[in-house]
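Chemist: any chance you could fold what I've pasted below:
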Amino acid sequence: MAVASYSRYASLEDLLHLLKFSADAKYLNFGKTIHTQLLIRNQSSNRHPHIVQLNSLINLYVKCSKLRLARYLFDEMPLRNVVSYNALMAGYLHSGEHLEVISLFKKMVSSFQNDVLPNEHVFTTILSACGHSGRVFEGMQCHGYLFKFGLVFHHYVKSALVHMYSKCFHVDLALQVLDSEHGSNNDAFCYNSVLKALVESRRLAEAMDVLGRMVDECVVWDNVTYVSVMGLCGQIRDLRLGLQVHAQLLKGGLTFDVFVGSMLVDMYGKCGNILHARKVFDALQNRNVVVWTSLMTAYLQNGDFEETLNLLTCMDQEGTMPNEFTFAVLLNACAGIAALKHGDIFHGRVEKLGFKNRVIVGNALINMYSKSGSIDSSYNVFFDMMHRDIITWNAMICGYSQHGLGKQTLLVFEDMMSNGECPNHVTFVGVLSACAHLALVNEGFYYLNQLMKHFKIEPGLEHYTCMVAVMCRAGLLEEAENFMKTTQVKWDVVAWRVLLNACNVHRNYSLGKQIAETILQMDPRDVGTYTLLSNMYAKARSWDGVTTIRKMMRERNVKKEPGVSWLEIRNVVHVFSSDGSNHPECIQIYSKVQILLEKIKQLGYIPNIEAVLHDVEDEQKESYLNYHSEKLAIAYGLMKIPSPAPIRVIKNLRICDDCHTAVKLISKVTNRLIIVRDASRFHHFRDGTCTCSDHW
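Modeler: Prediction:
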């Protein structure tokens, strides 16, 4: 009542001041009272509201988030000036309605009112809208208008231009504007925009150059700068630079908020210093879901999958709700240790919290189920996904390929092509691996030489290695060797070992010895090569050769890693080693192994003792083979996991020939699906056969 009484007798200038006060303080009701008084005054004097009044009212409703009222006043204005447009455009920008900003600007520059020309404030607003909406074409048009209206020299406009091009990932254009002579010296905002875009585009050398320029020009860093620079340190894995940046941050006394904290944790994680990451995390006063997820990611990247999973309990205790990115990290940790039961629990939480249809979660679920040996569950997730990206398709294609299911791999690839999704280099690694499983030589070369060229994908070492595997699977060992000698690529130990393993499978020992020599010249400590070479000598009954290899290993202090296998039963992981078992039920397990071996011997199983030490009795050799870690794990799984559930076993080394033969027959006599993930691939044993077709 007092306000209404005062405003009735106040001057127009006083009312406009009150209107500005209401807008700045966001006092909507007070502002509406002033609006009412202005309407009464205008009606009593029989005149239209002045443009200044209407602009002030638009400003009020914009700042009070009443854009519909602001737009109504704007549309009813008989005349508008640059302030009218800028006030409404700023409102749309802050509310995230970027296309409305662009539409208003187009209306402004096409208006017949030649006296309404955009100023530097309008261009700053429109360029921000173009940047946030990714409308680089409209941004370029605005760039042209800047020259037309003579505003290209304005400092704020230049900063907005740099920011717009950076947001749209046209970093070269952003750098051109940055390097131009227009405007004053570049400030932190300009450099932050370019630096962030370069880091996100992985143009790391250029990002380092920009960082050097900032240092040379003594640009004062803010929190945004530190976040970008720490992201750069993490990308290039430069711990020394990261430590210097951290020290400078502490010295500068800037606000240590959760964004800076999470980036520090992320940087130390990427640089492999998990202790520093944990110290930063523990020192933070406030920890939100971003910080927790950053720490989980740090442990995940450094291979500590169990601690990644343990952090969720601590996070729950603090009352922090996980988001879709948290679950993606947790599911990938489950994939790392094949923790299927944990993955199932997370899957349930994902659905309960409403993250089921998030693409990043779906991709992580596909990866988790695939690497945990449940490829059918992977496909179920894939099939149910409403939206898919290239990572989704690649996860399913590579998942099928890793399980040796070549036909299914190529069917998913055909579906991908039919859906119009463009493949990338990862896609073709999965596709060519599928060709290797199926020995499709002609098809493999078609994908390599024609289809990859069609999609402008340059073949890399992985693709060429897959082609070596394709030819090896088809028994074309000499052709594979010739391919490696004539293809202009720097072959690594992995590629040569593919050919060496094929020589072992196809019993081409003379070529195998040559390939082994090549590998040992590249890496004299490659344990896998010594093992394969020793096995080849043993199969050829060249015991002198076996002795020579083992002597070389002793002289070079090369030790074979002991075989370890594990499986998960009711959320408990049971670990078995080949050099003995300290399991509390070891007597029952050994007895179960003997029962299984007796059964499969009736099907023709003969222990393959060729590769076992030749200077011991055959009975000892057979006893040594009987208790390989995978046999112990499978026996325990059969004891504890009721039928028809599959037995899933993980092994740290490549499964040996004898165990492979034995497990095939065990799957037959027990009528069970047995899935073994070894260091090479997945093996699905069912009814006496394996998906690898005895070639791994």
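
Chemist: only C-alpha atoms from now on, for both contacts and neighbour counts.
Modeler: Fine.

Chemist: so which residues make contact with stretch 474-489?
Modeler: Contacting residues not belonging to stretch 474-489 are listed as A439, L440, V441, L461, V468, M471, C472, W491, L499, A502, C503, H506 [C-alpha atoms under 8 Å, 6 or more residues apart in numbering].

Chemist: again, only using 7 Å
Modeler: With contacts defined as C-alpha atoms under 7 Å, 6 or more residues apart in numbering, stretch 474-489 is touched by A439, L461, V468, M471, C472.

Chemist: please apply the same query to stretch 221-238.
Modeler: With C-alpha under 7 Å, 6+ apart as the contact definition, stretch 221-238 has outside contacts at 188, 192, 195-196, 199, 239, 241-242, 260, 263-264, 267, 270-271.

Chemist: averaged pLDDT, that stretch. What do you get?
Modeler: Per-region confidence: stretch 221-238 scores 91 on mean pLDDT.

Chemist: alpha carbons of it, as PDB, please.
Modeler: Backbone C-alpha positions of stretch 221-238 (Å, rounded to 0.1, in the frame of the first residue of the first chain) are rendered in PDB as follows:
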ATOM      1  CA  TRP A 221      45.300 -17.800 -14.900                       C
ATOM      2  CA  ASP A 222      41.900 -18.400 -13.400                       C
ATOM      3  CA  ASN A 223      40.200 -21.600 -12.300                       C
ATOM      4  CA  VAL A 224      39.100 -22.300 -15.900                       C
ATOM      5  CA  THR A 225      42.700 -22.100 -17.100                       C
ATOM      6  CA  TYR A 226      43.900 -24.500 -14.400                       C
ATOM      7  CA  VAL A 227      41.200 -27.000 -15.300                       C
ATOM      8  CA  SER A 228      42.200 -27.000 -19.000                       C
ATOM      9  CA  VAL A 229      45.900 -27.200 -18.200                       C
ATOM     10  CA  MET A 230      45.400 -30.100 -15.800                       C
ATOM     11  CA  GLY A 231      43.400 -31.800 -18.600                       C
ATOM     12  CA  LEU A 232      46.300 -31.200 -20.900                       C
ATOM     13  CA  CYS A 233      48.800 -32.700 -18.300                       C
ATOM     14  CA  GLY A 234      46.600 -35.800 -18.000                       C
ATOM     15  CA  GLN A 235      46.300 -36.200 -21.800                       C
ATOM     16  CA  ILE A 236      50.100 -36.100 -22.300                       C
ATOM     17  CA  ARG A 237      50.800 -38.000 -19.100                       C
ATOM     18  CA  ASP A 238      53.300 -35.400 -17.900                       C
END
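
Chemist: show me what the strand or helix carrying T531 is packed against.
Modeler: In this structure, T531 sits in helix 527-539 according to DSSP states H and E. If you count contacts as 3 or more C-alpha pairs under 7 Å, 6 or more residues apart in numbering; DSSP states H and E, helix 527-539 packs onto helix 509-522, helix 543-555.

Chemist: and the helix or strand just after the shortest one, what does it pack onto?
Modeler: Yep, that's helix 543-555 we're talking about. Next helix or strand after helix 543-555 toward the C-terminus (DSSP H and E): strand 564-569. Strand 564-569 is packed against strand 572-577, helix 629-640, strand 647-651, with contacts defined by 3+ C-alpha pairs under 7 Å, 6+ apart.

Chemist: can I get these in a markdown table with distance to F428, mean neighbour count and mean pLDDT?
Modeler: Shown next, in a markdown table, are those (distance: least, C-alpha to C-alpha, whole Å; neighbours: other C-alpha atoms under 10 Å; pLDDT from 0 to 100):
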| stretch | distance to F428 | mean neighbour count | mean pLDDT |
| --- | --- | --- | --- |
| strand 572-577 | 35 | 17 | 89 |
| helix 629-640 | 32 | 23 | 94 |
| strand 647-651 | 27 | 25 | 93 |
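
Chemist: may I see the ones you listed arranged in a markdown table, with distance to V62 as well?
Modeler: Below are the helices and strands packed on strand 564-569 laid out as a markdown table (distance: least, C-alpha to C-alpha, whole Å):
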| stretch | distance to V62 |
| --- | --- |
| strand 572-577 | 59 |
| helix 629-640 | 67 |
| strand 647-651 | 61 |
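
Chemist: least reliable of the helices and strands packed on helix 527-539 going by mean pLDDT?
Modeler: Ranked by mean pLDDT, the helices and strands packed on helix 527-539 bottom out at helix 543-555, with a mean of 87.

Chemist: tell me where the stretch 151-300 of the chain has helices.
Modeler: Here the stretch 151-300 of the chain has its helices, by DSSP state H, counting those that start in this stretch, at 155-167, 171-179, 188-200, 204-216, 223-236, 239-252, 258-270, 274-283, 289-301.

Chemist: mind putting those helices in TSV, distance to K551 and mean neighbour count included?
Modeler: TSV is the format used below for the helices of the stretch 151-300 of the chain (distance: least, C-alpha to C-alpha, whole Å; neighbours: other C-alpha atoms under 10 Å):
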stretch	distance to K551	mean neighbour count
helix 155-167	60	25
helix 171-179	58	18
helix 188-200	50	23
helix 204-216	47	15
helix 223-236	41	22
helix 239-252	41	14
helix 258-270	40	25
helix 274-283	39	16
helix 289-301	37	23
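
Chemist: want to throw those helices into a markdown table with distance to K640?
Modeler: Listed next are the helices of the stretch 151-300 of the chain as a markdown table, based on distance: least, C-alpha to C-alpha, whole Å:
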| stretch | distance to K640 |
| --- | --- |
| helix 155-167 | 56 |
| helix 171-179 | 59 |
| helix 188-200 | 49 |
| helix 204-216 | 52 |
| helix 223-236 | 45 |
| helix 239-252 | 47 |
| helix 258-270 | 39 |
| helix 274-283 | 37 |
| helix 289-301 | 31 |
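
Chemist: and the pLDDT at the spatially closest residue to V265 that is not a sequence neighbour?
Modeler: Distances taken as C-alpha to C-alpha, 6 or more residues apart in numbering place A277 nearest to V265, at 4.4 Å, with adjacent residues excluded. On pLDDT, A277 comes in at 95.
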